[in-house]
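Participant: Whatever this is, show me its structure:
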Amino acid sequence: MARRVRKAVLPVAGLGTRIQPAAKVTQKNLLNVFDRPMLAHVVAEGRAAGIEHFVIVLGRGHGAIEDYFDHAFELEAGLETKGKTEVLEAVRADLLEPGQMSFVRQMAPLGLGHAVWCAREIIGDEPFAVMLPDMLMDATPGGLSQAVAAHEATGGANVVVVEPAPPGEAHKYGIVALGETFAGFDGRLKAMTGMVEKPPPGTEPSNLFISGRYVLGPGVFEALSAHATGAGGEIQLTDAMLKRLASEPYFALEYDGVTYDCGDPIGLLRANVAFALRSPTAANQARAAVEAVLGRA
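Facilitator: Numbers count the residues shown, from 1 in each chain. Here you go, the predicted structure:
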């Protein structure tokens with residue numbers, strides 16, 4: 001039986017280069033997507049998937065992330081005094097129980113693989129999830145829940161969430177090579193035989209790119225410990241996964257949902273509109289607002 005996935009690593013140390021100057025003073029992952037920071041949406045997705053402990057890998061100057069997931073006593077007391085119960089509940093909604101969140105410093109921007117490696121002592125010898133917070137997934141059940149289900153169905157195999165690249169743009173992404181189809185999951189779960197980072201146009205082994213959710217075994221830390229650099233001179237998680245591919249089963253899950261790349265201004269805009277339109281309390285107002293703006297365009 002597969003060990004339960006209880007922990008998740010969320011790397012947030014990046015500079016948000018593509019979305020500057022919006023992230024100049026507000027850390028990219030604290031930028032709002034409709035009613036709360038994008039990072040809060042991702043943590044909620046993890047909680048829905050059964051994650052009990054989140055390891056947030058921070059960079060220098062990212063203390064506001066720690067503050068967001070802590071009590072704001074003056075704010076809460078003021079809201080309580082004024083009887084603003086609904087706002088108070090919203091402020092407290094994203095708080096976890098004590099001990100359910102750890103913060104680790106990535107002391108240099110050495111790549112995604114290095115960020116994951118920084119969490120190794122907290123993860124230990126358990127399977128764990130990796131969630132890229134700027135890739136916001138709109139799905140029911142959530143993207144990570146689907147990946148965890150695939151992990152359990154395969155007896156504890158590594159699972160990488162993938163989705164089709166935009167037509168003609170597969171060469172811009174990390175693309176997976178596929179083998180046999182796993183029974184169930186409507187044919188969306190296939191064995192992985194390889195991964196290629198930004199393959200030259202026309203050489204792509206598939207049109208499916210790695211889209212920001214992983215369930216991995218602790219063996220990947222062994223490969224990451226070599227600190228070998230890859231594309232961009234950084235320690236790449238995909239390189240470590242490739243090293244493990246010969247000795248561990250990997251599966252690619254084409255998940256059922258829509259991903260918004262919130263590290264890109266247009267992707268962030270799309271996410272804001274999509275999450276507003278599916279709000280249980282504000283969808284009608286949001287639709288009217290969007291239609292009014294389009295009517296003036």
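Participant: Am I right that Gly267 is in a helix?
Facilitator: Yes. Membership of Gly267 in a helix is supported by DSSP: H, G, I helix; E, B strand; the rest coil.
Participant: Who are the contact partners of it?
Facilitator: Tyr260, Asp261 (Cβ atoms under 8 Å, 6 or more residues apart in numbering). Every C-beta, even on glycine, is put in place using the N, C-alpha and C of the backbone.
Participant: Who are the contact partners of Leu136?
Facilitator: Val33, Met38, His41, Val42, Thr259, Tyr260, Cys262, Ala271, Phe275.
Participant: That one and Gly212: what is the separation?
Facilitator: For Leu136, the distance to Gly212 equals 9 Å [Cβ to Cβ, to the nearest Å].
Participant: now Ala240
Facilitator: According to Cβ to Cβ, Ala240 stands 16 Å off from Gly212.
Participant: Comparing the two, which residue is more hemmed in?
Facilitator: The residue with more neighbours, out of Ala240 and Gly212, is Ala240; 25 against 22, by other Cβ atoms under 10 Å.
Participant: in terms of contact, does Val196 touch Gly174 like I think?
Facilitator: Yes. Contact criterion Cβ atoms under 8 Å: Val196 and Gly174 qualify, at 7.2 Å.
Participant: circling back: including distance to Leu144, could the contacts of Leu136 go into TSV?
Facilitator: Formatted as TSV, these follow (distance: Cβ to Cβ, whole Å):
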residue	distance to Leu144
Val33	17
Met38	15
His41	12
Val42	9
Thr259	12
Tyr260	15
Cys262	16
Ala271	17
Phe275	17
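Participant: Those residues in strands, which ones?
Facilitator: Among the contacts of Leu136, the ones falling in strands (DSSP state E) are Val33, Thr259, Tyr260.
Participant: Out of those, the closest to Ala157 would be?
Facilitator: Among the ones in strands among the contacts of Leu136, Thr259 lies closest to Ala157 (Cβ to Cβ), at 22.1 Å.
Participant: mind listing what that closest one touches?
Facilitator: Met135, Leu136, Met137, Asp138, Gly143, Glu163, Ser211, Gly212.
Participant: ok but Val104 is inside a strand, no?
Facilitator: Yes. Using three-state DSSP, the assignment for Val104 is a strand.
Participant: which residues sit in contact with the nearest residue to Leu189 once chain neighbours are set aside?
Facilitator: Leaving aside its sequence neighbours, Leu189 sits nearest to Phe182 (Cβ to Cβ, 6 or more residues apart in numbering; 4.2 Å). Shown in contact with Phe182 (Cβ under 8 Å, 6+ apart): Ala150, Ala153, Thr154, Leu189, Lys190, Ala191, Phe251.
Participant: quick one: pLDDT of Phe182?
Facilitator: pLDDT recorded at Phe182 is 94.
Participant: how close does it sit to Phe209?
Facilitator: As judged by Cβ to Cβ, Phe182 and Phe209 stand 19 Å apart.
Participant: can you check Gly233 too?
Facilitator: Gly233 sits 22 Å away from Phe209, taking Cβ to Cβ as the criterion.
Participant: Those two: which has the busier surroundings?
Facilitator: For Gly233 and Phe209, the more surrounded residue by other Cβ under 10 Å is Phe209, and the numbers stand at 22 against 9.
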